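[1] below are the sequence and a predicted model; questions follow.
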Amino acid sequence: MARVRSSNNGSMVGMVVFGVASFIFLLLSIILYSQTGKYQQDASAAAAELNQVINAGEKGSATLAEVQAREGGGTLVGKLLAEVESLRNQVQSLQGQVLTQTNKLEGAETALMGQSEAAATAQAGYVEAQKSKADLEAALRTEVDGLSGKVQAVSAENQRLNGLIDEQIAGLDSSSRRLFDEKQKQLDELARQLADASNENGALKDAVDALRGTVVESPAVTLPDARVVTVNNQEQKVFLDIGREDGLRLGMAFNVFDPDDLVKISDQAGQGKAIVEIINVDTDKSVGRIVSSQPRVRVTEGDALINVVYDPNRTFSFHFFGQFDLDYDGKTEARDLERIEAIVARSGGVLADALSFDTDYLVLGSEPAYPSKPDDELDLVKISAYRVALENFQAYQDLLGTAQGLGIPVLNQSRFLDLVGYFER
């Protein structure tokens with residue numbers, strides 16, 4: 001567009017310049033023609049004067065050239081003849097100049113016509129460019145209007161879905177509330193029976209151990225944090241018996257176990273059958289979304305939900321050491337440890353800088369291998385890397401021994417992720 005405007009302006013300037021030049025040439029031509037006529041009149045007057053001076057005899061028997069030759073340059077006739085010849089030469093010179101200026105004027109007119117045609121072409125191009133621009137603007141405006149309509153439709157649909165969810169949560173009538181309370185009572189009774197059975201089982205084990213003369217330390221177990229009250233299998237949602245009063249927050253995840261499962265902290269093979277993420281929290285109840293589950297396994301009423309970090313009555317502390325690989329791609333990254341620590345913080349736990357008696361869990365990453373000492377002890381780079389690897393190996397073993405001495409449960413990466421209900425978002 002800028003080039004078209006520049007060409008159009010250049011053409012207009014050229015037309016103006018050539019118009020001015022044409023006017024100047026025309027004015028010079030008029031002046032030259034006027035001078036030519038004046039010189040011709042002077043020549044005619046001189047010839048008439050000469051004719052009057054030359055006597056009749058001379059006029060009849062001699063030409064002007066002969067008279068000029070006879071009189072020479074000193075007489076009046078000679079001067080008149082010289083003036084006539086000079087005027088004749090000036091007339092011829094002026095005629096040549098007029099012819100030259102006429103040719104230049106014709107050339108200027110031809111160039112001006114060329115510039116006019118170029119200006120017309122540029123004007124046509126400018127008009128076409130303006131039309132193309134208008135067409136593009138119209139097409140773009142139509143596309144923007146279409147996208148705006150789609151955005152408004154999506155926003156309206158989102159509001160509608162949010163309204164349905166709110167109605168589903170807030171629209172529990174008295175019969176639904178009674179059903180929820182009945183299920184809650186059943187779950188409380190099951191929890192009491194499970195606690196009694198666990199206590200009875202412990203007493204029996206103690207009696208058996210006493211009869212055997214040995215005492216075997218019972219492995220650490222974790223009790224359910226919540227129970228499933230109802231299940232909506234069509235929408236893959238579960239309704240739970242804990243809520244905001246229990247310190248529950250949106251985004252927390254839980255591992256789902258069968259109602260009668262006894263979840264052992266150190267059981268590396270123990271794994272839940274599904275993972276639930278909290279998507280809505282009320283005062284004393286909540287809604288979770290089933291984000292993953294084992295094949296051919298369904299979440300049912302009464303199932304237990306466990307997150308080893310979450311506890312409404314206390315805060316657990318964790319100490320992490322080693323390298324972690326959350327993607328299980330064989331590549332450990334520093335950001336994986338940051339992601340694990342974020343899970344602990346989001347679930348209400350705290351991070352311990354060092355292992356101590358107050359630490360609840362020790363979570364270890366990949367166990368480092370014992371490094372081989374380099375053959376070349378003068379290679380400072382290899383010696384430095386060897387020392388770092390040896391220090392990591394020794395620190396790993398020292399932490400493991402300290403945790404065993406203090407009775408602190410030790411979890412590897414997989415077990416820890418299972419107990420907190422980790423899943424790829």
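    Structure's in. What do you need?
[2] list the helices and strands the helix or strand hosting D135 packs on?
    Per DSSP states H and E: D135 is located in helix 76-170. Helix 76-170 makes packing contacts with helix 2-53, helix 64-71 when contacts are defined by 3 or more C-beta pairs under 8 Å, 6 or more residues apart in numbering; DSSP states H and E. Placement of C-beta: from N, CA and C, glycine included.
[3] least confident of the ones you listed, on average?
    If you rank the helices and strands packed on helix 76-170 by mean pLDDT, helix 64-71 sits at the bottom with a mean of 54.
[4] mean confidence score for stretch 390-403?
    Stretch 390-403 shows a mean pLDDT of 92.
[5] ok now that stretch, how far from the chain's centre?
    45 Å (C-alpha atoms, centre = their mean, to the nearest Å).
[6] contact partners of that stretch?
    The contact list for stretch 390-403, computed with C-beta atoms under 8 Å, 6 or more residues apart in numbering, reads 319, 321-322, 355, 362, 364, 367-371, 408-410.
[7] go again using 6 Å as the cut-off
    With contact meaning C-beta atoms under 6 Å, 6 or more residues apart in numbering, stretch 390-403 is reached by 321, 355, 362, 368, 370-371, 410.
[8] residues of stretch 377-386 that come out buried?
    By neighbour count, with 16 or more other C-beta atoms under 10 Å as the criterion, the buried positions of stretch 377-386 are Y386.
[9] report the backbone C-alpha coordinates of it in CSV.
    What follows is stretch 377-386, C-alpha atoms only, in CSV (Å, rounded to 0.1, in the frame of the first residue of the first chain):
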residue,chain,number,x,y,z
GLU,A,377,44.3,-41.2,40.8
LEU,A,378,45.7,-38.2,39.1
ASP,A,379,42.5,-37.5,37.2
LEU,A,380,41.0,-34.8,39.4
VAL,A,381,37.6,-34.9,37.6
LYS,A,382,37.1,-38.6,38.1
ILE,A,383,38.4,-38.5,41.7
SER,A,384,36.0,-35.7,42.5
ALA,A,385,33.0,-37.5,40.9
TYR,A,386,34.1,-40.7,42.8
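[10] mind listing residues that contact that stretch?
    Outside stretch 377-386, the residues that touch it by C-beta under 6 Å, 6+ apart are 371, 373-374.
[11] same check on stretch 295-310?
    If you take C-beta under 6 Å, 6+ apart as the criterion, stretch 295-310 is touched by 222, 224-226, 228, 231, 238, 254-257, 259, 263, 273-274, 316, 344, 347-349, 419-421.
[12] what's around A274, how many residues?
    A274 is flanked by 23 other residues according to other C-beta atoms under 10 Å.
[13] in the chain, what helix or strand scores lowest on average pLDDT?
    The element with the least model confidence among the helices and strands of the chain, by mean pLDDT, DSSP states H and E, is helix 56-61, at a mean of 45.
[14] gap between the residue nearest to S293 when sequence neighbours are not counted and N162?
    Spatial nearest neighbour of S293, excluding adjacent residues (C-beta to C-beta, 6 or more residues apart in numbering): A274 at 3.8 Å. Distance of A274 to N162, given as C-beta to C-beta, to the nearest Å: 25 Å.
[15] go through the helix or strand hosting Y396 and flag the buried ones.
    For Y396, the element it lies in under DSSP H and E is helix 380-406. For helix 380-406, the neighbour count (16+ other C-beta under 10 Å) marks 386, 392, 396, 399-400, 402-403 as buried.
[16] which stretches of the stretch 51-200 of the chain aren't confidently modelled?
    Flagging of the stretch 51-200 of the chain using pLDDT under 70 yields the residue ranges 51-77, 165-166, 168-176, 187, 190-191, 194-195, 197-200.
[17] which helices and strands sit right next to the helix or strand hosting R335?
    Assigned by DSSP H and E, R335 belongs to helix 334-346. Using 3 or more C-beta pairs under 6 Å, 6 or more residues apart in numbering; DSSP states H and E as the contact test, no helix or strand touches helix 334-346.
[18] coming back round to it: who wins on neighbours among the contacts of stretch 390-403?
    L362 (22 neighbours).
[19] nearest spatial neighbour of it, skipping sequence neighbours?
    Using C-beta to C-beta, 6+ apart, the nearest residue to L362 is A403, at 4.4 Å.
[20] and stretch 343-352, how far out from the chain's middle?
    The answer for stretch 343-352 is 32 Å, by C-alpha atoms, centre = their mean.
[21] show me what counts as buried in that stretch.
    If you call a residue buried by 16+ other C-beta under 10 Å, then stretch 343-352 has these buried ones: 343-344, 346-349, 352.
[22] between those residues, which is nearest D284?
    Distance to D284 across the buried residues of stretch 343-352 (C-beta to C-beta) is lowest for G348, with 17.9 Å.
[23] tell me the secondary structure for that closest one?
    When classified by DSSP: H, G, I helix; E, B strand; the rest coil, G348 comes out as coil.
[24] pLDDT at it, what is it?
    With respect to pLDDT, G348 scores 87.
[25] list the contacts for it?
    Contact analysis of G348 by C-beta under 6 Å, 6+ apart lists Y310.
[26] distance of the residue nearest to S293 from I306?
    Distance from A274 to I306, by C-beta to C-beta: 12 Å.
[27] kindly report the same for N232.
    Taking C-beta to C-beta as the measure, N232 falls 21 Å from I306.
[28] again with L364
    Distance, L364 to I306, using C-beta to C-beta: 21 Å.
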